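Trainee: Could you work out the structure for the sequence below:
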Amino acid sequence: MKILIVDDEENIQKTTSVALTTMGHQAISAFSGRQAIRKLAEDRIDAVFLDLRLGNEDGLEVFDRIRAEGHDMPVIMFTAYSSIETAIEATRKGIFDYVPKPFVPEQIRQALKKLEHNSNLLNKVQELESRLAETDPTLSFESSEPSMQAVFEVADKAARSDANILLLGPSGTGKTVLARRIHNSSNRSNGAFVVVHCPSLSKELLESELFGHVKGSFTGAVKDTWGKVEAADHGTMFLDEIGDLPFEIQAKLLRLLQEKQYERIGETKTRSSNARILAATNKDIQQEVSDGSFREDLYYRINVITLQLPSLSQRKADLKSLIESYLLLHSKRIGRPAVSLSSEAKSALLVYNWPGNLRELNNTIERCVILCSNDKITLSDLPVGLRHDDSESVPIDTQGLGGAFTLQELEDEHIRRVLDHNESLDTAAQRLGIDTATLYRKRKKLGLL
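Mentor: Prediction:
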């Protein structure tokens, strides 16, 4: 860790610095509250040792100023005025721990051990929350399809390197889950796996989320913020739908890939990050390069290794086992006996084309497990579009296919009709097999907002 020592006594500074360095940490010194605030603004600090009596300054007041400036790292307090009242006041204000003077290196070691344990717990909680919040379906890493077996084989080999990897494939094929598997199989598995959803934010907010910003750099920047590039240092950053990355940010990402350097918004100091970059897109990225909307040099940087995930319609040999695993998964999740399928329902699921891929399959099975009356899913439990012999099914009019219109015109008309026949944007997006953000943009382009 990078630790700031705030104490006006030079011998305390030296003793603490030697102890920290011996334990493998980096020590930075400040002899006053003002100097400490400046050091915190200049660099990323993981923890602070702060003296309670800092010359003419009150250490608790300095602590208040540190928090007021937006710095939220843990603070451990030194004091020669050890008392229960002082300890209670310091703890009430948010001081992480308390080391009385004079101290021995072992007391510093114990305080840091407690801090590291707390930090590890927080990281595990964040990782679990990230997994729970993940919208991608569970992806089985066993397959009977040669194309999928080849993807997993290359992914496992590539995981052991630090090479940038580009995952291609339609929406819902499990690109995020595969990226997490690559991270977990790499020598960076102890680091963070940080996901950035490129289409979800405006250019300005996405730039801030990636690189961070300093207080006052734009309206609403009320405190210094470290971006996901910093969070992924010595870990992995996964750029989901990189094809939607604004052109203005692509140059900054290219610099990060080439030089491992970046600047926060509103700051001139150059910083470094050793994050590995994985990226994914459902777009034809080479066409984006040809159209000039995606930088060619960035494309070659992220495309060291390419993994092409096939659609579910190209994985028919896996469909039966995937359905069975999802049935078991969602039955367990809601605490009911394992749900099975009637022969008619199974037949309908196996012949359906699954345009929404694994995500659509996952959502469909979850819905059926929740809503089925007994422990067997029947044809009537399936969504209307999957009941291939149901009277409510609406046959697709194919009479006009092959006519004098473009693929774009065909897509636009299909989107209009799906929007007309679905009450919500989420339902329409699921029907189309794309995410809601993508459908929102397409609807806006069609002038339907």
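Trainee: The nearest residue to D7 once chain neighbours are set aside pairs with what?
Mentor: Distance criterion Cβ to Cβ, 6 or more residues apart in numbering; nearest residue to D7, sequence neighbours excluded, is D51 at 4.2 Å. The way it works is simple: take the backbone N, C-alpha and C, and place the C-beta from them, glycine included. Beta-bridge partners recorded for D51 (DSSP bridges): F78.
Trainee: What is the neighbour count of D51?
Mentor: For D51, the neighbour count with other Cβ atoms under 10 Å is 23.
Trainee: Can we start the residue count at 461 from this point?
Mentor: In the new count, where the first residue is 461, that last one comes out as D511.
Trainee: give the contact list for it.
Mentor: Under the criterion of Cβ atoms under 8 Å, 6 or more residues apart in numbering, the contact partners of D511 comprise 466-469, 472, 519, 537-539.
Trainee: Would you reformat these as CSV and include pLDDT and neighbour count?
Mentor: Listed next are these as CSV, based on pLDDT from 0 to 100; neighbours: other Cβ atoms under 10 Å:
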residue, pLDDT, neighbour count
V466, 93, 29
D467, 90, 25
D468, 88, 17
E469, 87, 17
I472, 88, 18
G519, 86, 22
M537, 86, 25
F538, 85, 24
T539, 77, 18
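Trainee: Nearest to A739 among the residues you listed?
Mentor: Ranking those by separation from A739, with Cβ to Cβ as the measure, puts V466 on top at 40.8 Å.
Trainee: Isn't the closest one up against L514?
Mentor: Yes - A contact is recorded between V466 and L514 when judged using Cβ atoms under 8 Å, the distance being 6.6 Å.
Trainee: So for those two, which residues contact both of them?
Mentor: Taking Cβ under 8 Å, 6+ apart as the criterion, V466 and L514 both touch 492-493, 522.
Trainee: Can you list the buried residues in the helix or strand harbouring Y900?
Mentor: Assigned by DSSP states H and E, Y900 falls within helix 896-905. Across helix 896-905, burial judged by 16 or more other Cβ atoms under 10 Å covers 897-899, 902-903.
Trainee: and what of stretch 642-662?
Mentor: When neighbours are counted by 16+ other Cβ under 10 Å, the buried residues of stretch 642-662 are found to be 642-643, 646, 648, 651-659, 661.
Trainee: What segments of the stretch 711-860 of the chain are strands?
Mentor: For the stretch 711-860 of the chain, the strands defined by DSSP state E, counting those that start in this stretch cover 721-722, 731-732, 736-741, 765-768, 800-801, 836-837.
Trainee: Using TSV, please lay out the ones you listed together with mean neighbour count and mean pLDDT.
Mentor: What follows is the strands of the stretch 711-860 of the chain, written out as TSV (neighbours: other Cβ atoms under 10 Å; pLDDT from 0 to 100):
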stretch	mean neighbour count	mean pLDDT
strand 721-722	16	94
strand 731-732	16	90
strand 736-741	25	96
strand 765-768	16	96
strand 800-801	19	94
strand 836-837	18	93
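Trainee: Next up, the contacts around the nearest residue to Y900 once chain neighbours are set aside.
Mentor: Closest residue in space to Y900, ignoring its immediate chain neighbours: L885 at 6.7 Å, by Cβ to Cβ, 6+ apart. If you count contacts by Cβ under 8 Å, 6+ apart, L885 has them with 896, 899-900, 903.
Trainee: In terms of helices and strands, where is the spatially most central residue of the chain?
Mentor: The centre of the chain sits closest to V655, judged by Cα atoms, centre = their mean, with a distance of 1.9 Å. Element membership of V655, judged by DSSP H and E, is strand 653-657.
Trainee: try Y558
Mentor: Per DSSP H and E: Y558 is located in strand 557-560.
Trainee: Now do that strand: which elements does it pack against?
Mentor: Packing contacts for strand 557-560, counted by 3 or more Cβ pairs under 8 Å, 6 or more residues apart in numbering; DSSP states H and E, involve strand 535-539, helix 544-553, helix 565-593.
Trainee: C-alpha coordinates for the first one, PDB please?
Mentor: The C-alpha coordinates for strand 535-539 follow below in PDB (Å, rounded to 0.1, in the frame of the first residue of the first chain):
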ATOM      1  CA  VAL A 535      -7.000   6.700   8.900                       C
ATOM      2  CA  ILE A 536      -5.000   5.300  11.800                       C
ATOM      3  CA  MET A 537      -4.300   7.800  14.600                       C
ATOM      4  CA  PHE A 538      -1.100   8.200  16.600                       C
ATOM      5  CA  THR A 539      -1.300   9.800  20.100                       C
END
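Trainee: what does that strand contact?
Mentor: In this structure, residues lying in contact with strand 535-539 by Cβ under 8 Å, 6+ apart are 467, 472, 507-513, 519, 523, 526, 546, 550, 554-561, 563, 571, 575.
Trainee: With stretch 617-630 instead?
Mentor: Residues contacting stretch 617-630 (Cβ under 8 Å, 6+ apart): 615, 635, 638-639, 641-643, 645-648, 702, 717, 736-742, 745, 761-771, 817, 893.
Trainee: And it, end to end?
Mentor: For stretch 617-630, the separation between the terminal residues is 23 Å (Cα to Cα, to the nearest Å).
Trainee: Stretch 748-768 too?
Mentor: One end of stretch 748-768 sits 17 Å from the other (Cα to Cα).
Trainee: Now it: buried residues?
Mentor: Taking 16+ other Cβ under 10 Å as the basis for neighbour counts, the residues of stretch 748-768 that come out buried are 748-749, 753-755, 758-759, 761-762, 765, 767.
Trainee: thinking again about what came up before, redo the strands of the stretch 711-860 of the chain as JSON lines? Include distance to D693.
Mentor: Output for the strands of the stretch 711-860 of the chain, formatted as JSON lines (distance: least, Cβ to Cβ, whole Å):
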{"stretch": "strand 721-722", "distance to D693": "11"}
{"stretch": "strand 731-732", "distance to D693": "8"}
{"stretch": "strand 736-741", "distance to D693": "10"}
{"stretch": "strand 765-768", "distance to D693": "22"}
{"stretch": "strand 800-801", "distance to D693": "47"}
{"stretch": "strand 836-837", "distance to D693": "47"}
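Trainee: So which of those strands is nearest H694?
Mentor: Closest approach to H694 among these is made by strand 736-741 (8.9 Å; Cβ to Cβ).
Trainee: Tell me what angle the closest one forms with strand 653-657.
Mentor: Strand 736-741 runs at 30 degrees relative to strand 653-657, counting by axes from the mean of the first three to the mean of the last three Cα atoms, to 10 degrees.
Trainee: same for strand 736-741, what does it pack against?
Mentor: In this structure, strand 736-741 makes packing contacts with strand 625-628, helix 635-644, strand 696-700, helix 707-719, judged by 3+ Cβ pairs under 8 Å, 6+ apart.
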